[in-house]
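Chemist: Quick one: sequence and predicted model below, then my questions.
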2 protein chains.
Amino acid sequence: MSDLKITHARVVDLRFPTSREHIGSDAVNVDPDYSAAYCILETDHGPHGYGLTFTLGRGTELCVEALKYLSRFAVGRTLSSITDDLGEFYRLLTSDSQFRWLGPEKGVIHLATGALINAVWDLYARVQEKPLWKLLADMSAEEIVRAIDFRYITDALTREEALEILRARKACMDTRLKQLQETGYPAYTTSAGWFGYDDEKIVRLASEGLAEGWTHFKLKVGGKPDDDLRRARLLRNTIGCGNKLMMDANQKWDIGEAIERTRQLAEVDPWWMEEPTNPDDILGHARIRREVPKVRIATGEHCHNRVMFKQLMQAEAIDVCQIDSCRLAGVNENLAVILMAAKFDLPVCPHAGGVGLCEYVQHLSAFDFLRVSTTLEDRVTEFVDHLHEHFVDPVKIRNAHYVLPEKPGYSAEIYEDTLHDYSYPDGRFWRNE
Amino acid sequence: MSDLKITHARVVDLRFPTSREHIGSDAVNVDPDYSAAYCILETDHGPHGYGLTFTLGRGTELCVEALKYLSRFAVGRTLSSITDDLGEFYRLLTSDSQFRWLGPEKGVIHLATGALINAVWDLYARVQEKPLWKLLADMSAEEIVRAIDFRYITDALTREEALEILRARKACMDTRLKQLQETGYPAYTTSAGWFGYDDEKIVRLASEGLAEGWTHFKLKVGGKPDDDLRRARLLRNTIGCGNKLMMDANQKWDIGEAIERTRQLAEVDPWWMEEPTNPDDILGHARIRREVPKVRIATGEHCHNRVMFKQLMQAEAIDVCQIDSCRLAGVNENLAVILMAAKFDLPVCPHAGGVGLCEYVQHLSAFDFLRVSTTLEDRVTEFVDHLHEHFVDPVKIRNAHYVLPEKPGYSAEIYEDTLHDYSYPDGRFWRNE
């Protein structure tokens, strides 16, 4: 295929009314309407590129506007002029000297950057006729490293160290690929444990999950101490001691309270405690981890860039690194964090759920296993069973494992009918509200 | 005056074409167009409230949209229903369960929160017929503390500790007030040292500054090592050894480079090195400070919330705490940081310049001196001499000190003519471009 040119960026404000069923509810996010700023990079011939950033409803319009602004850095260019130096493209988007003040590399503008970068990678993978995980897995160490912006992380990971990790760990990739093709990548379910679900529903959904083969279950905590403990015991009793129970406090606690509550909930042997406090509090997470050594500490879905992840690792603040495919600025910055995690010997267990996050992270996890971590030990990727029906190439789960995707691209293409129905505020659904 | 009601929020995208004269240029922000998302809270009777958040041009429209969204939490309410519990108002704005995902408490939505909160304080001060510094200085310890959101900072500063600081340090406020009224609050100038200025201009402006009584001069660094050193020596030679020279690298360096360059520039005895690296890098600042003990480390203008400032203090990462009146979410969050700085015995030297920041921080510095720090030792507030002519109650500088403002409010009201000329994109100036 001759080099195609990006001619236009179509940006859509897409919102699903999930709050009506308490889907996605937790101690802090009580009524999310799962949403996305969604971007279609139209081209002069060949495939288009599809990318998104996940949001919770109100405010999605800000990401949409930011995405429209940033798309000027892609529109009018040939794809190869971008993919020849993907690191330079990242720096271009994050270094706009006026726009940068609104971050830098955080909040609305960084979320939008993630959507655009993901759309470019999707397009790249489609043109190469490979699923994204395979595009990445087939890249040379030099190509992968060139996509990473090492600014501000060289004290933790240098370009040379990243190259060395990638070169040293490529051996036997075929064996790992065969394993992925046969069994898939291990997943855990959050679907049973939402905050808004009553006891009966938790037990019923957990039982159904067990029957489907799930072995790792996550429960939302951060309510009243007695309620949390009752729900945790209930879930533990339902799934038994042979399965894993994770907890997620969604930033509910101050440090002292997080320590106390995590100690208390340790009774049911949680495999990790996720987001025990404010996501910016690196030193706070480190202290919780030191003071409650028997519970592993996880965070990352609100960790806004590689500099924050770097410090979580340097401060020995986490046991589990939960990258987010869109809060970090797309594939490029996720590569940086995956490689830092390898350096610090931490398992990467991506955050997913929402809209399209499962579709995304399955690719990142597969790449991590094939080229970086080389192990599945303590690795498990979040799965939530909502909204997949809107995707042209939805995730497939088999026996609690993500089935390796085969179609070209990064799996974020959404059906036109869905855009027609759920675009906000003019889509069919919202017009009728 | 009977309780007034906020009836409407008028939000303006205001941009000044400052990039054309290299005003505000530094190693990272090469061509800022000083701008603001500006908010007028209209009321049913009595004064209106005026607030802003500072931006650099492109992207201001995002803050404007966020501000329009957030204003729903103020419009339709009586002023007293907000000022009776200003802490609750802060939590209301920062806890919107869907909007929060876009931060939390960072980036576009937090900048917009700052503008709205500042507008409410301005209105409050006008109704009380006091300049903001006096409104704050006259408040009881309990009232001040009630405005603070202690979530996530109780491991560093509890409500009780904050009360104790405020109560213990109120003594002799009249003496300090007299001092402020007589000599003003010490200021330093950044006007001579912009990155885009050539050697001749730096010498000329510094000489003029000396003649005007300035004793503290800031130089932008982060260029080529030889250029930085030459400019620094030039400025040092011009101002002599009896005056202070501060340096600002505007986040240009990685940690290793920051250490090396700061060591090198120590030759000219800088009073502080500001923003040597990425603003999110708490541990990085701590390491630079440890490894270059003879240069004090300053940061804060990009420090996005109280949780980050808390950690900069806990990690012993800074010698100078540079609060920003609008990047932090307005007066409330600045109070939290000013009180934490008192607990950690750090001088607060606010960031200013831009549009309206000088107008704002003079109030915060005066309050800090009167009720919290009680000292002027090592305290100096930034001053940049641009765009003050657009303000109804502009800052006044006398002998390199901020003259205590006397008019009611928070000094951010901008002339209607200015709004007419510089609103974007429809103002007279921009229409003619």
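Modeler: All right, it came through fine.

Chemist: And the residue nearest to residue A:63 when sequence neighbours are not counted, how far from residue A:52?
Modeler: Closest residue to residue A:63 apart from its sequence neighbours, by C-beta to C-beta, 6 or more residues apart in numbering or on different chains: residue A:37 at 3.7 Å. Placement of C-beta: from N, CA and C, glycine included. Taken as C-beta to C-beta, to the nearest Å, the spacing of residue A:37 relative to residue A:52 amounts to 7 Å.

Chemist: Need the overlap of contacts for the two.
Modeler: Shared contacts of residue A:37 and residue A:52, defined by C-beta atoms under 8 Å, 6 or more residues apart in numbering or on different chains, comprise A:14, A:115.

Chemist: The two: who's more crowded?
Modeler: When neighbours are counted by other C-beta atoms under 10 Å in any protein chain shown, residue A:52 comes out ahead of the other of residue A:37 and residue A:52, with 34 against 30.

Chemist: Work out for me the element that one sits within.
Modeler: If you go by DSSP states H and E, residue A:52 is part of strand A:49-55.

Chemist: who does that strand pair up with?
Modeler: For strand A:49-55, the paired strands and their directions (DSSP bridges) read strand A:35-43 (antiparallel).

Chemist: send the alpha carbons of the strand it pairs with over as CSV?
Modeler: Once side chains and other backbone atoms are set aside, the C-alpha atoms of strand A:35-43 remain, and they are given as CSV (Å, rounded to 0.1, in the frame of the first residue of the first chain):
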residue,chain,number,x,y,z
SER,A,35,-18.1,7.8,27.8
ALA,A,36,-15.3,8.5,25.4
ALA,A,37,-13.8,11.2,23.3
TYR,A,38,-13.5,9.1,20.1
CYS,A,39,-11.5,10.0,17.1
ILE,A,40,-11.5,8.7,13.5
LEU,A,41,-8.4,9.6,11.5
GLU,A,42,-9.7,9.6,7.9
THR,A,43,-7.2,9.0,5.1
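
Chemist: Flag every buried residue along it.
Modeler: Residues A:35, A:36, A:37, A:38, A:39, A:40, A:41, A:43 are the ones in strand A:35-43 that count as buried (16 or more other C-beta atoms under 10 Å in any protein chain shown).

Chemist: Ok, stretch A:221-231 next?
Modeler: A:221, A:222, A:223, A:228, A:229, A:231.

Chemist: tell me the phi and psi of residue A:323?
Modeler: phi -60, psi 150 (degrees, to the nearest 10).

Chemist: Give me the neighbour count for it.
Modeler: Using other C-beta under 10 Å as the criterion, the residues surrounding residue A:323 number 26.

Chemist: Pull the most distant pair out of the buried residues of strand A:35-43.
Modeler: When C-beta to C-beta is used, the two most widely separated members of the buried residues of strand A:35-43 are A:35 and A:43, lying 25.9 Å apart.

Chemist: and the stretch 51-200 of chain A, which of its residues are near chain B?
Modeler: Those residues of the stretch 51-200 of chain A that sit near chain B, judged by C-beta under 8 Å from any C-beta of the partner chain, are A:55-59, A:61-63, A:65-66, A:69, A:96-111, A:151-155.

Chemist: circling back to that earlier point, so can I have JSON lines of the buried residues of strand A:35-43 showing pLDDT?
Modeler: What follows is the buried residues of strand A:35-43, written out as JSON lines (pLDDT from 0 to 100):
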{"residue": "A:35", "pLDDT": "98"}
{"residue": "A:36", "pLDDT": "98"}
{"residue": "A:37", "pLDDT": "98"}
{"residue": "A:38", "pLDDT": "98"}
{"residue": "A:39", "pLDDT": "98"}
{"residue": "A:40", "pLDDT": "98"}
{"residue": "A:41", "pLDDT": "98"}
{"residue": "A:43", "pLDDT": "98"}
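
Chemist: can I get those residues in CSV with distance to residue B:393?
Modeler: As requested, the buried residues of strand A:35-43 are exported to CSV (distance: C-beta to C-beta, whole Å):
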residue, distance to residue B:393
A:35, 42
A:36, 45
A:37, 40
A:38, 46
A:39, 44
A:40, 49
A:41, 49
A:43, 54
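
Chemist: Which of these sits closest to chain B?
Modeler: Taking C-beta to the nearest C-beta as the measure, chain B sits nearest to residue A:35 out of these, at 8.2 Å.

Chemist: is it true that the closest one touches residue A:61?
Modeler: No: assessed by C-beta atoms under 8 Å, residue A:35 is found out of contact with residue A:61, at 9.8 Å.

Chemist: residue of chain A with the smallest distance to chain B?
Modeler: Scanning chain A for proximity to chain B using C-beta to the nearest C-beta identifies residue A:107 as nearest, at 1.5 Å.

Chemist: pLDDT wise, what is the nearest residue to that residue once chain neighbours are set aside at?
Modeler: Once its chain neighbours are removed from consideration, residue A:107 has its nearest residue in residue B:107; the separation is 1.5 Å (C-beta to C-beta, 6+ apart). Reading off the confidence values, residue B:107 has pLDDT 98.

Chemist: Residue B:107: neighbouring residues, count only.
Modeler: Residues within reach of residue B:107, counting by other C-beta under 10 Å, total 28.

Chemist: hang on, it packs against residue A:104?
Modeler: No: judged on C-beta under 8 Å, residue B:107 makes no contact with residue A:104 at a distance of 9.2 Å.

Chemist: which residues sit in contact with the residue nearest to residue A:63?
Modeler: Shown here is residue A:37, whose contacts under the criterion C-beta under 8 Å, 6+ apart are A:11-14, A:52-53, A:55, A:60, A:63-64, A:66-67, A:111-112, A:115.

Chemist: Mind checking which of those are in helices?
Modeler: Secondary structure of the contacts of residue A:37 is defined by DSSP state H; positions in helices are A:60, A:63, A:64, A:66, A:67, A:111, A:112, A:115.

Chemist: Tell me how many other residues crowd the second one.
Modeler: A count of nearby residues for residue A:63, using other C-beta under 10 Å, gives 34.

Chemist: Assess the claim that it and residue A:111 are in contact.
Modeler: Yes: using C-beta under 8 Å as the test, residue A:63 is close enough to residue A:111 to be in contact (5.2 Å).

Chemist: Determine the residues that are contacts of both of these two.
Modeler: Common neighbours of residue A:63 and residue A:111, counting by C-beta under 8 Å, 6+ apart, are A:37, A:53, A:55, B:102.
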